[in-house]
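Novice: Let me see the structure of the following:
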Amino acid sequence: MFVYICIISIFFIGFTFNIPVLSPAEDGINHELLGGGFEGDMILPDGFDPTRTPNTKGVAIYGPRRWPNNIIPYDISLITNAAHRTVIQEAMNKVMRDTSTPIAGSTQRKQCITFRPKTSSDKVFVKIQYGTGCSASVGYSTGEKKMTLANPGCFYSGTIQHEFMHVLGFYHEQSRPDRDSYGHNFNKYTWGSTVLNQNSPYDYGSIMHYGANGFSSNGKPTITPKQPNTKIGQREKLSATDINEIRAYYGCSS
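Specialist: Next up is the predicted model:
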């Protein structure tokens with residue numbers, strides 16, 4: 001059980017929502033929900049509100065938010081613990097490898113996206129630092145981009161991969177415009193105005209999907225999938241759909 005923010009009980013097609021009350025934490029705090037950003041962990045560009053502006057599918061942010069040349073510079077200098085730096089770098093390497101393309105007759109792979117340390121010429125980069133929760137800027141835009149990671153709650157590879165998908169330009173899966181057929185939590189966007197329709201299927205197994213107890217404060221489910229016995233909220237690795245969506249969004253050939 002986690003400590004979450006209370007929400008109102010509502011029924012949507014595919015999901016039921018309950019009114020929670022406080023309960024003891026089972027495994028600590030879900031820091032993704034405490035990042036201080038939109039829906040918990042998303043830092044949006046100034047003046048951008050996906051619930052009001054027509055912008056999301058699969059669920060990539062709509063508009064010119066892709067990182068130029070598929071390169072994401074980062075600054076990890078504020079992460080002072082060597083073990084923490086290793087977890088972050090391994091998460092980046094996992095995302096790069098999972099989205100890359102095998103090269104026939106070779107053990108090498110063609111990268112789709114590249115995370116690399118920033119140089120003095122990089123004007124836009126992701127500053128990775130400690131914080132009170134997990135959060136990340138969504139997509140490319142001018143100004144400071146950042147990722148905050150609570151110690152120790154955010155230092156898991158799958159959690160960091162989730163935040164890097166935000167950096168690449170992706171929202172939470174359950175915010176897709178077609179989500180009412182699968183569930184609800186807690187905002188819904190609009191194809192072609194706040195989110196880009198990549199024509200990919202709804203993915204319960206996405207690393208971008210919140211868990212069944214998202215924003216619960218009593219440990220009871222706030223999201224119940226329409227499909228029986230379906231697990232949601234995994235934080236292990238990118239799903240096949242996650243991988244395909246990143247590759248499609250960044251124009252990586254098969």
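Novice: Residues touching stretch 70-81, excluding its own?
Specialist: For stretch 70-81, the surrounding residues in contact (CB atoms under 8 Å, 6 or more residues apart in numbering) are 85, 88-89, 92, 111-119, 122, 124-130, 149, 151, 167-168, 250-252. C-beta coordinates here come from the backbone N, C-alpha and C atoms, glycine included.
Novice: swap the cut-off to 7 Å and go again
Specialist: With contact meaning CB atoms under 7 Å, 6 or more residues apart in numbering, stretch 70-81 is reached by 85, 88, 112-118, 122, 125-130, 167, 250.
Novice: Any buried residues in that stretch, and which?
Specialist: Within stretch 70-81, the residues that count as buried by 16 or more other CB atoms under 10 Å are 70, 72-76, 79.
Novice: could the residues you listed go into a markdown table alongside distance to Met208, pLDDT and secondary structure?
Specialist: Converted to a markdown table, these look like this (distance: CB to CB, whole Å; pLDDT from 0 to 100; DSSP: H, G, I helix; E, B strand; the rest coil):
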| residue | distance to Met208 | pLDDT | secondary structure |
| --- | --- | --- | --- |
| Asn70 | 19 | 97 | helix |
| Ile72 | 17 | 98 | strand |
| Pro73 | 23 | 98 | strand |
| Tyr74 | 20 | 98 | strand |
| Asp75 | 24 | 98 | strand |
| Ile76 | 23 | 97 | coil |
| Ile79 | 23 | 98 | coil |
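Novice: How about the residue lying closest to Met92 once chain neighbours are set aside: which residues does it bridge to?
Specialist: Counting by CB to CB, 6 or more residues apart in numbering, Phe115 is the residue found nearest to Met92 once chain neighbours are left out, at 4.2 Å. With DSSP bridges applied, Phe115 shows beta-bridge pairing to Ile72.
Novice: what helices or strands is the helix or strand hosting Val95 leaning on?
Specialist: Assessed by DSSP states H and E, Val95 sits inside helix 82-98. In terms of contacts (3 or more CB pairs under 7 Å, 6 or more residues apart in numbering; DSSP states H and E), helix 82-98 is packed against strand 114-117, helix 157-168.
Novice: among these, which gets the worst mean confidence?
Specialist: Ranked by mean pLDDT, these bottom out at helix 157-168, with a mean of 95.
Novice: can you confirm Gln133 is in a helix?
Specialist: Actually, residue 133 is Gly rather than Gln. No. Under DSSP: H, G, I helix; E, B strand; the rest coil, Gly133 falls outside any helix and is assigned coil.
Novice: State whether it and Leu149 are indeed in contact, as I suppose.
Specialist: No. Proximity of Gly133 to Leu149 does not meet the contact threshold set by CB atoms under 7 Å, at 8.6 Å.
Novice: returning to that earlier point: buried residues in the helix holding Val95, which are they?
Specialist: 84, 87-89, 91-92, 94-96, 98.
Novice: Now do the residue nearest to His162 when sequence neighbours are not counted against Glu144, distance only.
Specialist: Closest residue to His162 apart from its sequence neighbours, by CB to CB, 6+ apart: Ile207 at 5.2 Å. As judged by CB to CB, to the nearest Å, Ile207 and Glu144 stand 25 Å apart.
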